[in-house]
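Structure for the following, please:
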Amino acid sequence: MPANTPAILPLSSFDLAVASALVLVAGVISVAMRVGLHRQLAVAALRTLVQLVLLGYCLEFLFQLDAAPLVLAWLALMITAAGRAAMKRPSRTFRGAFLRGWAALAISAVLTTFTVTAAIIGIDPWYDPQYLIPLAGMVLGNSLTGISLTVDSLLETLDARRGEIECLLSLGATRWEAARGAIRTALRRGMTPILNAMAVVGLVSIPGMMTGQILAGAPPMEAVRYQIMVMFMLAGATAVGSIIVAWLVYRRLFNDRHQLRAELIERRND
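Numbers count the residues shown, from 1 in each chain. A predicted model of the protein is given here:
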C-alpha cells in the first residue's frame, strides 16, 4: 500500500446510495418473480440504515466520554436486547423464559468478553469502549443464536416426547436421566452454527473482523491472530450460554419430585 494512501478509504453518502442499488436489484427481482420479499427487503434495509447510524452516533459519544458507568449501562442494554431477541425465536415458551435467557447471555457474555479484554488483550482501562463494546456485540450476536436454538430444541423435544419422558420417570428414572437425551440434542443444535462457521473459516469465508483489519491496513497474519481469538471466543461463549440456558430450563420444567411440568410449555401463536 503506498505511503500516501489512507489506511481505510472513506465512504461518502453517495457511495452508500450506490451500494443500496444492490438491495434495489434484489427487490426488483422479487417483484418480477413474485417472490413477495420486496417489502421485507425494504424494511430490513431501512432498519439496517437507521440502527447502524444511531449506533455510530452512540459509539462516538461513548468513546469521547470514556466513562465506565455509561459503558456498563450500554452493555446491559445490549444484553437485554439480545435476550429479548433470543427468547422470541423459539416456537414454544414458558413463564420466566426471558429471565433465564437473559441470565445465560449475561453470564456468557460478561465472562467471555472480560476474559478476552483483561487476560488476553490486556486493555487499559478495563472498560475501554473501543474494545469492550465491539467484542461484546460479537459475543452476544452469536450466543443469542445458540441459546435460541437450544431452547427451541429442548422445549420442542420435551413437549413432543412428553409421554416417553413421563414413562421413564414412572419406571424410576431420575429427572436428569429422563431429560439427558433432550438436553444433549438441544446442545448439539445450539452449537451447530458456530461449529459450521469454524469448519469453513478461511476456506469459504473471510470473517468480518479479519476483513475490517485488512482493509484498515493491518498485516494479514496479525488479522489472522485476532480472528482466531475471536472464533475461539465465540465458540466458548456459545457453549457456555447454551449449557447455562439448558440447565435453567431443565430446572424450571422438572421439579424436585422428578416430575415433568409439561403444562408450563406454551406454543406461540405467531
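
who's in contact with the lowest-mean-pLDDT helix or strand in the chain?
The helix or strand of the chain with the poorest confidence is helix 208-215; it has a mean of 79 (mean pLDDT, DSSP states H and E). With contact meaning Cβ atoms under 8 Å, 6 or more residues apart in numbering, helix 208-215 is reached by 8, 138, 220, 222-224, 226-227, 230. Using the backbone N, CA and C atoms, a C-beta is placed for each residue, glycine as well.

I figured residue 102 was touching residue 77, is that so?
No. Residue 102 is beyond contact range of residue 77, at 11.9 Å (criterion: Cβ atoms under 8 Å).

Can you pick out the residue with more neighbours from those two?
Each of residue 102 and residue 77 has its neighbours counted (other Cβ atoms under 10 Å); residue 102 has more, 20 against 11.

In which helix or strand does that one reside?
Following DSSP states H and E, one finds residue 102 within helix 97-114.

need the contact list for residue 97.
Neighbouring residues of residue 97 by Cβ under 8 Å, 6+ apart: 87, 90, 151, 249.

Okay, it and residue 253: tell me how far apart.
Using Cβ to Cβ, to the nearest Å, residue 97 is found at 10 Å from residue 253.

Common neighbours of these two, please.
Shared contacts of residue 97 and residue 253 (Cβ under 8 Å, 6+ apart): none.

And the strands in the protein, which stretches?
Shown for the chain, the strands assigned by DSSP state E span residues 92-93, 266-267.

can you list the weak-confidence ranges in the chain?
1-8, 270 (pLDDT under 70).

So it: which segments form each domain?
With domains defined by automatic domain parsing, the chain comprises 1-65, 67-267.

Highest mean neighbour count out of those domains?
domain 67-267 (a mean of 18; mean count of other Cβ atoms under 10 Å).

ends of it, how far apart?
Distance between the two ends of domain 67-267: 43 Å, counting by Cα to Cα, to the nearest Å.

Kindly report the same for stretch 29-46.
So stretch 29-46: terminal residues 18 Å apart, Cα to Cα.

roughly how far is it from the heart of the chain?
25 Å (Cα atoms, centre = their mean, to the nearest Å).

just stretch 60-71 next, same as before
Distance, centroid of stretch 60-71 to centroid of chain: 23 Å (Cα atoms, centre = their mean).

Let the chain start at 422 from now.
In the new numbering, first residue 422, that becomes stretch 481-492.

What lies in contact with it?
495, 546, 548-551, 553-554.

Can you add distance to residue 688 and give these back as CSV?
Formatted as CSV, the contacts of stretch 481-492 follow (distance: Cβ to Cβ, whole Å):
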residue, distance to residue 688
495, 35
546, 47
548, 42
549, 45
550, 41
551, 44
553, 39
554, 37
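
Report the two of these separated the most.
Taking Cβ to Cβ as the measure, these span a maximum distance of 15.3 Å, between 495 and 546.

so which of the strands of the chain comes closest to residue 439?
Among the strands of the chain, strand 513-514 sits nearest to residue 439 (Cβ to Cβ), with 42.8 Å.

Tell me which other helices or strands the closest one touches.
For strand 513-514, the packing partners by 3 or more Cβ pairs under 8 Å, 6 or more residues apart in numbering; DSSP states H and E come out as helix 550-581, strand 687-688.

can I get these in a markdown table with distance to residue 595?
Output for these, formatted as a markdown table (distance: least, Cβ to Cβ, whole Å):
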| stretch | distance to residue 595 |
| --- | --- |
| helix 550-581 | 15 |
| strand 687-688 | 26 |
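
To residue 625, which of the ones you listed lies closest?
Of all the helices and strands packed on strand 513-514, helix 550-581 comes closest under Cβ to Cβ, at 17.3 Å.

Quick check: which helices or strands does that closest one pack against?
helix 459-486, helix 489-509, strand 513-514, helix 518-535, helix 596-621, helix 641-674.

CSV please, covering those and showing distance to residue 541.
CSV is the format used below for the helices and strands packed on helix 550-581 (distance: least, Cβ to Cβ, whole Å):
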stretch, distance to residue 541
helix 459-486, 21
helix 489-509, 18
strand 513-514, 36
helix 518-535, 10
helix 596-621, 18
helix 641-674, 6
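
who wins for proximity to residue 628 among those?
Proximity to residue 628 (Cβ to Cβ) singles out helix 641-674 among those, at 5.5 Å.
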